[in-house]
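J.: Pasting the sequence and the predicted model now:
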Amino acid sequence: MGALSKRTVHRKCDAPYCMHPNSAVARRFERIQQHNQLGSGRIHSMHKRWIGARRSFRIGLLAVWFAAFLISFVPTVHAHTPSNSYLSLQVDSTTITGQWDIALRDLEYAIGLDANNDGAITWGELQARQKAVEDYALSRLQLSLGGSVPRMRVTQLLVDNHTGGAYAVLRFTVDGASSAKILGITYRALFDIDPQHRGLLRLVAQGQTQTAVFSPDNPTQRFELAAPDGGKQFLSFAWEGIWHIWIGFDHILFLIALLLPAVLRRENIRWRGVDGFAPAFANVFKIVTAFTVAHSITLSLATLGIVRLPSRWVESAIAASVVLAALNNIYPFFHGRGWLVAFGFGLVHGFGFANVLMDLGLEKGALVRALVGFNLGVEAGQLAIVGVFLPLAYGLRATWFYQRLTLKFGSLCVALIASGWMLERMFGFRVLPF
């Protein structure tokens with residue numbers, strides 16, 4: 001028993017010098033170990049932060065590169081005021097008179113007006129190119145009555161301002177016009193320069209107003225002068241509403257920026273995928289509904305002439321809304337109120353949608369028909385985008401590709417591009433080709 005006790009006493013200790021656990025030396029040794037562990041933790045934390053900073057820097061550089069790539073290779077989408085001209089025809093029993101408003105910026109691209117290349121087109125420069133303007137316009141507009149093609153003659157050149165800026169105003173008459181029940185119009189202006197250009201028609205005959213939209217896919221149309229086809233006019237503007245939002249790059253990016261976090265939830269300052277489809281659908285439904293209600297209100301108010309805002313303010317605010325929606329996906333500051341953001345900025349986007357209809361000068365019945373058709377078209381185009389986005393986003397919501405690359409990197413690219421739009425619209429210069 002004594003020998004066993006001796007072996008126990010002289011057993012090798014874990015602590016140096018086989019110190020007593022409550023001795024001063026043991027306590028000091030324990031403090032040194034804790035300090036070393038703390039220092040190691042700090043070094044590890046600093047190393048993680050350094051790795052995160054390097055990763056963020058690389059992502060930022062990649063975003064800048066990708067934004068530059070988009071600027072160079074996506075010239076067919078437009079975020080600025082669309083290219084429209086306004087054609088008005090008045091058909092009486094034996095005469096036809098017309099007015100055609102064409103944007104000076106479009107004529108500059110087509111035939112050149114700015115003689116001194118100072119970026120500002122003066123009345124003198126327009127007058128100096130009057131013959132070229134008339135020749136260009138008349139060669140791209142043809143009327144037909146009862147199988148004959150009457151000759152058009154310009155009687156006056158003026159200048160007027162529309163929502164998108166200054167326009168050349170060509171007033172003309174049609175020589176040799178005869179009474180007919182069918183009027184055919186072929187419109188081919190600017191389609192070879194800008195495939196997104198649209199010719200907006202207001203035709204008044206026998207006290208009835210008809211409307212139509214000319215596009216590269218539909219340059220020739222026929223109109224019954226005695227009995228206007230209201231359904232055809234409605235469908236024409238409905239399709240134009242669909243097309244308008246599909247080529248409106250700023251409207252699409254705003255909507256996508258709001259929808260990207262709809263399939264995620266914020267948890268411990270990180271994005272996590274939602275647990276089921278129901279909460280994702282509810283988020284998307286609230287955002288889309290709020291955006292729809294808001295832009296429908298201001299679209300109607302602006303088109304009916306009740307409220308109008310300067311185009312530069314509206315377009316700048318639309319670009320700013322895209323920037324804020326994108327940055328909110330990187331550094332959230334709206335905190336789950338996506339539907340409220342969609343409603344607030346949707347009011348601004350509605351004024352942008354109204355640019356297509358405000359300057360047509362339609363009488364009340366035709367204007368309401370065009371307004372309802374256009375607005376329903378915008379909603380249909382919007383729902384098509386959401387229908388493609390939601391299943392893809394929901395399926396990818398838990399992946400690194402969606403949470404890091406799509407949400408953060410994609411939002412950073414959107415913010416960079418929209419910042420360029422905002423500066424262009426605020427200060428009136430042009431850098432981005434779309």
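T.: That came in fine, so what should we check first? None of these values were measured; they are calculated from a predicted model.

J.: Surely Tyr86 is in contact with Asp101?
T.: Yes. Contact status for Tyr86 versus Asp101: in contact at 4.3 Å, counting by CB atoms under 8 Å. Placement of C-beta: from N, CA and C, glycine included.

J.: what is in contact with these two at once?
T.: Here Tyr86 and Asp101 share the contacting residues His162, Tyr167, Asp359, scored by CB atoms under 8 Å, 6 or more residues apart in numbering.

J.: ok, what's across the strand from the first one?
T.: Using DSSP bridges, the bridge partners assigned to His162 are Gly165.

J.: ranges for the strands of the chain?
T.: Using DSSP state E, the strands of the chain run over 84-91, 96-103, 141-145, 151-162, 165-175, 182-187, 198-205, 208-214, 220-224, 264-267, 270-273.

J.: Let me have the ones you listed in CSV, extended by mean pLDDT and mean neighbour count.
T.: CSV is the format used below for the strands of the chain (pLDDT from 0 to 100; neighbours: other CB atoms under 10 Å):
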stretch, mean pLDDT, mean neighbour count
strand 84-91, 93, 21
strand 96-103, 95, 21
strand 141-145, 92, 18
strand 151-162, 93, 14
strand 165-175, 92, 18
strand 182-187, 93, 18
strand 198-205, 91, 22
strand 208-214, 88, 22
strand 220-224, 91, 15
strand 264-267, 87, 15
strand 270-273, 88, 14
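
J.: Under the pLDDT cut-off, which ranges of the stretch 301-434 of the chain? List them.
T.: Judged against pLDDT under 70, the low-scoring parts of the stretch 301-434 of the chain cover residues 336, 429-434.

J.: And Ala180, how far from Val174?
T.: With distances defined as CB to CB, to the nearest Å, the gap from Ala180 to Val174 amounts to 11 Å.

J.: what does Ile245 give?
T.: For Ile245, the distance to Val174 under the criterion CB to CB works out to 36 Å.

J.: can you check Ala115 too?
T.: When CB to CB is the yardstick, Ala115 and Val174 sit 32 Å from each other.

J.: what domains does the record give for the chain?
T.: Residue ranges for the domains of the chain, per automatic domain parsing: 84-228, 241-427.

J.: For Phe234, which of the ones you listed is the nearest?
T.: With CB to CB as the criterion, Phe234 lies closest to domain 241-427 of these, at 4.2 Å.

J.: quick one: Arg222 and Gly184 touch, right?
T.: Yes. Arg222 sits in contact with Gly184 when judged by CB under 8 Å, with a separation of 4.9 Å.

J.: Need the pLDDT of the residue most central in space within the chain.
T.: If you average the C-alpha coordinates of the chain and look for the closest C-alpha using CA atoms, centre = their mean, you land on Asp250, 1.7 Å from that point. What the model reports as pLDDT for Asp250 is 89.

J.: Would you quantify the distance from it to Ala320?
T.: Plainly put, Asp250 is 10 Å away from Ala320 if you go by CB to CB.

J.: Now for these two: what residues contact both?
T.: With CB under 8 Å, 6+ apart as the test, Asp250 and Ala320 both reach Ala418.

J.: one step back: verify the contact between the residue nearest to the centre of the chain and Ala325 for me.
T.: No. The pair formed by Asp250 and Ala325 falls short of the contact definition of CB under 8 Å, at 10.8 Å.

J.: give me the number of residues near Asp118?
T.: By the other CB atoms under 10 Å criterion, the neighbourhood of Asp118 contains 9 residues.
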